[in-house]
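# Could you look at this predicted model? Sequence included:
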Amino acid sequence: MQFAMTQRLLLILICGLVVATTAAAADPLPSWNDGPTKEAIVGFVENVTKSGSPDFVPENQRIATFDNDGNLWSEQPVYFQLIYALDQVKKMAPEHPEWKTQEPFASILRGDTAKVMASGKEGLMKILAATHTNMTAEEFQANVADWLKTARHPKTNRPYNEMIYQPMLELLGYLRANGFKTFIVSGGGVDFMRVFAEQTYGIPPDQVVGSSLKAKYEVKNGKPVIIKLPEINLVDDKEGKPVGIHQYIGQRPIFASGNSDGDYQMLEWTTAGEGPRFGLILHHTDGKREWAYDRDSHIGQLNKGLDDASKKGWVVIDMQKDWKVVYPFDKP
């Protein structure tokens with residue numbers, strides 16, 4: 001009798017475990033709290049991928065674009081690529097003694113970030129020219145890879161490529177599992193993002209669109225190389241994003257995700273197309289687990305997007321309410 005009861009209890013426990021495991025496996029977005037945002041995403045994906053659905057979209061048209069800074073990884077206190085550039089100036093300084101008296105390099109070496117930022121576009125271009133150009137593409141890639149191995153975020157002390165959003169990683173995987181091709185379309189430098197995008201997000205280099213500098217082909221020491229030049233090719237921000245998508249992807253997306261007014265035109269162009277469309281905005285509302293900012297932020301400003309989201313039918317993620325965790329290293 002006792003043996004039979006033990007078997008029965010064991011069977012109940014096993015069945016409960018199977019049910020729980022099946023339920024967990026059935027949830028494509030486990031780091032998202034249940035609610036209207038998650039329901040809208042799942043509902044859209046189910047509608048466009050279900051054969052016979054009036055909203056069915058063929059797989060070769062399932063294009064999804066994602067901004068990177070502030071949308072796939074954090075962007076505070078300043079854009080991570082700028083931190084890379086400042087670190088490179090410090091690394092290169094021994095070879096450039098003239099920088100001790102030249103701005104904005106002198107301010108970088110003194111640690112006066114406020115004065116560096118006050119140098120504006122002209123100062124930024126000098127920094128980018130010094131740290132991103134007049135080198136081969138391979139040399140630049142190696143520099144970025146080396147930096148990612150050792151650099152740490154000032155708040156979390158984590159590598160920058162760990163400051164990524166777990167819920168967005170799940171969303172990328174969910175879309176790809178349903179026949180979507182996922183692209184990064186970001187104002188960040190395309191050569192910078194291509195170093196880590198595949199390992200970090202599962203997005204290969206040919207599916208990364210970003211701001212770019214001009215380049216040239218030449219044979220150097222008998223070896224063919226691509227040289228990065230100090231001239232702007234494309235600024236992949238605001239109106240530049242639909243242009244970048246057109247030039248490098250060649251199809252209008254049916255799904256677009258961003259977090260700032262720099263993504264407004266990408267969402268606007270995506271959702272203006274025919275058939276089912278989805279626009280997604282990440283609103284940074286979590287000052288405890290990440291940062292809370294929008295209209296008055298010095299970067300990642302979200303103003304017009306917030307005002308127009310409801311009338312354009314865009315879904316707004318409330319980070320604090322919609323996400324169980326923010327980063328992969330967070331505990332639920």
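Received it, and whenever you're ready, just let me know what you need. Residues are numbered from 1 along each chain as shown.
# hey, let's count contacts and neighbours off CA atoms from now on
Noted.
# how near is Asn134 to Glu231?
Taking C-alpha to C-alpha, to the nearest Å as the measure, Asn134 falls 11 Å from Glu231.
# So for the two, which sits in the more crowded spot?
Between Asn134 and Glu231, Asn134 has the larger neighbour count (other C-alpha atoms under 10 Å), namely 16 against 13.
# Surely that one is in contact with Lys228?
Yes - when contacts are counted by C-alpha atoms under 8 Å, Asn134 is listed as touching Lys228 (5.5 Å).
# got the contact list for Ile254?
The neighbours of Ile254, taking C-alpha atoms under 8 Å, 6 or more residues apart in numbering as the test, are 61-64, 270-271, 273, 276-278.
# Pull the residues that contact stretch 257-264.
64-68, 70-71, 237-238, 241, 267, 279-284, 294, 300-305.
# What of stretch 56-74?
Contacting residues not belonging to stretch 56-74 are listed as 47-50, 75-76, 79, 161, 163-165, 168-169, 179-188, 251-259, 263, 282, 300 [C-alpha under 8 Å, 6+ apart].
# Repeat that for stretch 92-103.
For stretch 92-103, the surrounding residues in contact (C-alpha under 8 Å, 6+ apart) are 105-106, 109, 123.
# Next: stretch 160-177.
28-32, 45, 71-74, 80, 148, 151-153, 181-182, 196, 200-201, 323, 325-328.
# Can you pick out the ones from those residues that are in strands?
181-182 (DSSP state E).
# any idea which residue sits dead centre in the chain?
Asn68 (2.1 Å; C-alpha atoms, centre = their mean).
# related to what we said a few turns ago, where strands are concerned, which of the contacts of stretch 56-74 count?
181-188, 255-258, 282.
# What about these, which one has the most neighbours?
Val185 (31 neighbours).
# In contact with that residue: list those residues for me.
For Val185, the contact set (C-alpha under 8 Å, 6+ apart) comprises 65-68, 208-210, 236, 241, 244-245.
# just those now: which is nearest Pro332?
Asn68 (23.7 Å; C-alpha to C-alpha).
# List buried members of the contacts of Ile254 by neighbour count.
62-64, 270-271, 276-278 (16 or more other C-alpha atoms under 10 Å).
# So which of those residues sit within strands?
Using DSSP E to define strands, the subset of the buried ones among the contacts of Ile254 located there is 63-64, 278.
# what residues are up against Tyr327?
162-167.
# Now render the residues you listed as TSV, adding neighbour count.
Shown next, in TSV, are the contacts of Tyr327 (neighbours: other C-alpha atoms under 10 Å):
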residue	neighbour count
Glu162	18
Met163	21
Ile164	23
Tyr165	23
Gln166	24
Pro167	23
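# Ignoring the adjacent residues along the chain, who's closest to Ile317?
Nearest non-adjacent residue to Ile317, counting by C-alpha to C-alpha, 6 or more residues apart in numbering: Leu282, 4.8 Å away.
# what's the distance between the one you found and Gln301?
For Leu282 relative to Gln301 (C-alpha to C-alpha), the value is 12 Å.
# pLDDT below threshold where in this structure?
The model of the chain has pLDDT under 70 over residues 1-25.
# just the helices in it please.
Here the chain has its helices, by DSSP state H, at 2-26, 36-49, 80-92, 105-110, 113-118, 120-132, 137-150, 166-177, 190-194, 197-201, 240-248, 264-271, 304-312, 319-322.
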